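Novice: coords please:
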Amino acid sequence: MIEQLVSQIEERFAGLEREMSDPEVIADRERYAAVGREYRELEPAHDLAQRWRTLNDDLEGARELLADGEDEELRSVVAEAPGRLEELAEEIRLAMVERDPNDDKNVLVEIRAGAGGDEAALFAGDLFKMLTRYAELRGFGTEVLSQSPAEVGGFKDVTFAVKGDGAYSVFKYEGGTHRVQRVPKTESQGRIHTSTATVAVLPEAEEVDVDVDPNDLQIDVYRSSGPGGQSVNTTDSAVRITHAPSGIVVSMQDEKSQLQNRDKAMRVLRARLLEKAIADQQAEISAERRSQVGTGERSEKVRTYNFPQGRVTDHRIKLTSHALDEILGGDLREFTDALGAEDKRRKLEAQAAAG
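Specialist: I've put the predicted structure just below:
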């Protein structure tokens, strides 16, 4: 079975290499980009397949030579190679799990203060810093689309875009309810409080991904207001867009121009409609969607940040780290890698069960 998979990977990779040097493909910019993308996606699996092939050949050669005499080094190869071949086979199967079609997209991240009043707003601010710093560490760009700052600091809610190739593949595991346990600055008794903030991660939709009929939109304009309801603009620059079929409402007032607010509101609306379409599709495909890693179910408690003990626990994979400060500083790679590996394992199990 694994021999057949290795051969398929080798043949497809060789075919892609030929296509990338084909003048006809090179002349067609769109096709060349698609071939290049598939080549890059298949490369890790091909590297593993090459290592499997080399080790398998070494094992067969060692067995033949051992039949003619004794050799300690050959005996060691014969003893150790089968276990390593099985490990490589598992890595190859995981590398070949079908990718999420949205993995390459930019994302919109919405953070909202949950239970806990002022402390929840401060925690929402901490999550905003953590996720934007993580984006910078991964080489992505960020753009704040809208924000409602809280008077004590932090945010009631904030929405920002993360731009870069593969942004969704990195940030999709951050969706859900994040929980913090710490002593608030306003707490005189030194008691630990538990507060929450929700994070929604939406793949940013292109116009081709979501067909929005202008007749389905109700667009209202009004004057934007600052903290305490004071007017910050003398023109009707704030925009509220209601999508009648889905009931989704998006408001935007951060920009001084009505046109800019409308453009930003449409970006958020398209992303939410795409998320809804994906959720509906996944619900049809799998009744067990709720139990899967990285679905972004907002009712899920995905992670707890415990300040007194300096630890962070991801409840989906039972992973605990004691590097609280580093994680809040944006070092989330350990969690992303572990969640990605678990996601692939589940998909592989589902593929095996279906096949």
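Novice: hey, where'd the strands end up in this protein?
Specialist: 107-113, 141-149, 155-163, 176-182, 193-203, 217-222, 238-243, 248-252, 301-306, 311-314, 319-321 (DSSP state E).
Novice: what helices and strands are in contact with the longest one?
Specialist: I take that to be strand 193-203. Where contact means 3 or more C-beta pairs under 8 Å, 6 or more residues apart in numbering; DSSP states H and E, strand 193-203 is packed against strand 107-113, helix 117-137, helix 167-171, strand 176-182, helix 258-285. Using the backbone N, CA and C atoms, a C-beta is placed for each residue, glycine as well.
Novice: listing partners with orientation, what would you give for that strand?
Specialist: strand 107-113 (antiparallel), strand 176-182 (antiparallel) (DSSP bridges).
Novice: just the ones you listed: most buried one?
Specialist: Highest mean neighbour count of the strands paired with strand 193-203: strand 107-113, a mean of 24 (counted as mean count of other C-beta atoms under 10 Å).
Novice: residues in contact with it?
Specialist: If you take C-beta atoms under 8 Å, 6 or more residues apart in numbering as the criterion, strand 107-113 is touched by 120-121, 123-124, 127-128, 131, 145, 150, 154-162, 167-168, 171-172, 174, 197-204, 267-268, 271.
Novice: show the buried residues in the residues you listed.
Specialist: Neighbour-count burial (16 or more other C-beta atoms under 10 Å) applied to the contacts of strand 107-113 gives 120-121, 123-124, 127-128, 131, 145, 150, 154-155, 157-162, 167-168, 171-172, 174, 197-204, 267-268, 271.
Novice: burial count for Thr54?
Specialist: Other residues within reach of Thr54, judged by other C-beta atoms under 10 Å, total 11.
Novice: numbering from 57 from now on, please.
Specialist: Sounds good: first residue 57 from here, last item Thr110.
Novice: that one and Glu66, how far apart?
Specialist: Going from Thr110 to Glu66 by C-beta to C-beta, to the nearest Å gives 12 Å.
Novice: the most centrally placed residue in the chain and Pro240: what is the separation?
Specialist: Taking C-alpha atoms, centre = their mean, the centroid of the chain lies closest to Lys228, which sits 2.4 Å from it. From Lys228 over to Pro240 the distance is 31 Å, taken as C-beta to C-beta.
Novice: so His371 is in contact with Val358, correct?
Specialist: Yes: between His371 and Val358 there is a contact at 6.3 Å, judged by C-beta atoms under 8 Å.
Novice: more neighbours: these two, which one.
Specialist: Taking other C-beta under 10 Å, His371 and Val358 do not tie; Val358 has more neighbours (25 against 15).
Novice: give me the residues contacting stretch 315-323.
Specialist: 164, 201-202, 217, 260, 268, 275, 293-297, 306-311.
Novice: list the residues that contact Pro100.
Specialist: Pro100 makes contact with Ala151 under the criterion C-beta under 8 Å, 6+ apart.
Novice: and the residue lying closest to Glu243 once chain neighbours are set aside, what's its pLDDT?
Specialist: Of all residues not flanking Glu243 in the chain, His249 sits nearest, at 6.6 Å (C-beta to C-beta, 6 or more residues apart in numbering). His249 carries a pLDDT score of 88 in this model.
Novice: do the same with Ser287
Specialist: For Ser287, the model assigns a pLDDT of 48.
Novice: same question for the one 4 residues further on.
Specialist: On pLDDT, Thr291 comes in at 64.
Novice: using the record's assignment, carve this structure into domains.
Specialist: 58-151, 163-260+360-405, 270-336 (automatic domain parsing).
Novice: surely Asp292 and Tyr278 touch.
Specialist: Yes: between Asp292 and Tyr278 there is a contact at 5.8 Å, judged by C-beta under 8 Å.
Novice: if we can go back for a sec, turn the strands paired with strand 249-259 into JSON lines, columns for distance to Arg93 and mean pLDDT.
Specialist: Formatted as JSON lines, the strands paired with strand 249-259 follow (distance: least, C-beta to C-beta, whole Å; pLDDT from 0 to 100):
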{"stretch": "strand 163-169", "distance to Arg93": "18", "mean pLDDT": "90"}
{"stretch": "strand 232-238", "distance to Arg93": "29", "mean pLDDT": "92"}
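Novice: TSV for the ones you listed, including distance to Pro364?
Specialist: Below are those laid out as TSV (distance: least, C-beta to C-beta, whole Å):
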stretch	distance to Pro364
strand 163-169	21
strand 232-238	7
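Novice: out of these, which gets nearest to Ala70?
Specialist: Ranking these by proximity to Ala70 (C-beta to C-beta) places strand 163-169 first, at 34.3 Å.
Novice: any idea how far apart the tips of stretch 118-127 sit?
Specialist: From its first residue to its last, stretch 118-127 covers 9 Å (C-alpha to C-alpha, to the nearest Å).
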